[in-house]
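Enquirer: Quick one: sequence plus predicted model below, questions after.
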Amino acid sequence: MKQNLKLFLGAMLVAGSVLAGCSTSTQPSTTTPPAEGTAAPSEKPANAKSQVFRANIMSEPATADPGLAKDATAGAIVRATFDGLTRFDANAKPVNSVASDVKLSDDKLVYTFTLRDSKWSNGDPVTAHDFVYAWKRALSKTLGAEYAYQLYYIKNAKLIHEGKAKPDELGAKAIDDKTLEVTLENPTPYFLELTSFYTYYPVNQKVVEANPKWANEAATHVSNGPFKMTAWEHKSKIVLEKNEHYWEKDVVKLDRIEFTMIEDDNTALSMFENGELDWAGQPLGGLPTDAIPTLKETGKLVVHPKATMYWYKLNTTKGPLSNVKIRKALAYSVDRQTIVDNITQVGQVPTMGMLPQSMIINKDGYFKDNDVETAKKLLEEGMKELNVTKLPPITLSYNPSDRHKKIAEAIQDQWKQKLGIEVKLMVKEATVHLQDMHELNYEIGRIGWNADFNDPMNYLEMFRDGKTGNNDTGWEDPRYQELLKQASVETDPEKRKQLFGEAEQIFMDAMPLIPMFTDVDVWVQSDKVKGVQVDGLGFIDLKWAEMTE
């Protein structure tokens, strides 16, 4: 007997409504997709005005390949151009997309997806084989996918990625072109949420094998989503157009999306105010912090909560930051409240743990904010252990953004005034910044982490292995790994929470990163923009967006 999961499954997430500045009214940031079975809108009249949406994504995406996407910028491009078995609705719940039906076995280990008729942007049919190929490809060591571990829920995926099993042993089988059978390692309540994530998207095997660089240029980019890429002027502009082969093309109202790459937040805001952009700010770009108070007062600012943390990762493999007491001294001495009150200014919550507010386990945190007395004591002890009387200057790196710059400058001043530590600031282009962190070519690096699904495992599993994935700190701990292994098979919610709590305690005792605050998205948008979906995880989806008169 199988349970029918035709519409959706998944944990409840942060609500999708948005407060508009300081007014008492609300401004919806999302639109719910039409339910299955409802009539599709009619085709646009021949004389209708073309719908063009213009936004700033700040920097060049590192990739437009769903198997390699790892950050918000690449994610926005991939989410617009690809489609998964499921897709998030306005409340970040997975609804059927390429899959028209899903059945789950009684033991909750085997998912059987029935695929609808759908095509690639080049007209090829999308089949179950495309999903199996994409997942095996992401697990191959040659691709170097940092998100490969998101596939570990599938039977044998981890062993395949580690070279201990053959790709054909993956628990994903194309029964035929329209039937995909997926067997998991353990029951995973949020598995359908994962199938909405870009690592689980299909790729066109014929296209990929014919050209390994297929995703680097618009001319060779082939996708299966609501939009297709028609231009990529590197470090300048990306253009997406409505995909005429998309299975639900009749609900896609935008004809064209133009993404500019302007790193300066002030320039982007000026372009918005001049009518050259329809959207400025997160989740696509940034806003100048000095403009936040005025935008709030005028009611133009949209503030949207999300399951996202703002961190400073620490390279624990060398130099003074290899000492845990030095790492803790830096973390304890930060005055987060002053930063959120005077720099970010839109409701960010100082957080003294690794998890965001929507999934927090220890509500009291693992240390006190701005605990300078303890920080000084730890610094002194750490320097004695290192046998030094003064720390060398430490370099703090961040990617271009007015907000990142001001926060880094505040941290630099706090550590100088409170601990006497000299900090050098280094700004790097986003792709370079991320790559340097991944290669441990940094000391302290700014990073934000958007949840891929609303469960503590999404954060904790990132630091399971010190050498792969998105860890970027060099830290790992055998007991931490064992606790996550136990949590992955634990079905009792309270016991699972206890395991997570013990793991987070180990992590915070080691302090491989400095938690700052649970973040929010803030942006301004044209009154003509409707239906842009920003969910509680911080994902943006333009499938249902439109420009109105």
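Expert: Nice, thanks for sending it over.

Enquirer: drop to CA atoms for contacts and neighbour counts, all remaining ones
Expert: OK.

Enquirer: the strands in the stretch 51-200 of the chain, which residues?
Expert: 52-56, 86-88, 94-96, 99-104, 110-115, 172-176, 179-183 (DSSP state E, counting those that start in this stretch).

Enquirer: Nearest to P393, out of those strands?
Expert: Of all the strands of the stretch 51-200 of the chain, strand 52-56 sits nearest to P393, with 35.1 Å by Cα to Cα.

Enquirer: Can you show me the CA trace of that closest one as PDB?
Expert: C-alpha atoms of strand 52-56 as PDB (Å, rounded to 0.1, in the frame of the first residue of the first chain):
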ATOM      1  CA  VAL A  52      10.500  43.100 -19.000                       C
ATOM      2  CA  PHE A  53      11.800  42.800 -15.400                       C
ATOM      3  CA  ARG A  54      15.100  44.500 -14.600                       C
ATOM      4  CA  ALA A  55      17.100  43.800 -11.500                       C
ATOM      5  CA  ASN A  56      20.700  43.900 -10.200                       C
END
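
Enquirer: what's the helix or strand hosting L330 in contact with?
Expert: Secondary structure assigned from DSSP states H and E places L330 in helix 324-333. Helix 324-333 is touched from outside by 314, 320-321, 367-372, 374-379, 381-383, 414-415, 418-419, 510-515, with contacts defined as Cα atoms under 8 Å, 6 or more residues apart in numbering.

Enquirer: With stretch 78-86 instead?
Expert: Counting by Cα under 8 Å, 6+ apart, 64-66, 69, 94-99, 113, 115, 192-193, 195-198, 200-202, 223-229, 240, 540-543 sit against stretch 78-86.

Enquirer: That one: how far from the chain's middle?
Expert: On the basis of Cα atoms, centre = their mean, to the nearest Å, stretch 78-86 sits 14 Å off its chain's mean C-alpha point.

Enquirer: 32 is where my numbering starts, stick with that
Expert: All set: I'll call the first residue 32, so the last point we hit is now stretch 109-117.

Enquirer: coming back round to it: buried ones in the next helix or strand after the helix holding L361, by neighbour count?
Expert: Using DSSP H and E, the helix or strand that follows helix 355-364 in sequence is helix 367-370. Judged by neighbour count (16 or more other Cα atoms under 10 Å), helix 367-370 contains these buried residues: 367-368, 370.

Enquirer: Check stretch 242-259 too.
Expert: Buried residues in stretch 242-259 (16+ other Cα under 10 Å): 245-249, 251-259.

Enquirer: Over to stretch 172-183?
Expert: 175-183.

Enquirer: Looking at it now, give me its mean pLDDT.
Expert: Taken as a whole, stretch 172-183 carries a mean pLDDT of 93.

Enquirer: And that stretch, end to end?
Expert: 14 Å (Cα to Cα, to the nearest Å).

Enquirer: just stretch 211-224 next, same as before
Expert: 17 Å.

Enquirer: chain center to it: distance?
Expert: Counting by Cα atoms, centre = their mean, stretch 211-224 comes out at 20 Å from the chain centroid.

Enquirer: ok, residues contacting that stretch?
Expert: In contact with stretch 211-224 (Cα under 8 Å, 6+ apart) are residues 39-42, 117, 119, 124-125, 138-146, 159-160, 183-187, 202-206, 484, 519-520.
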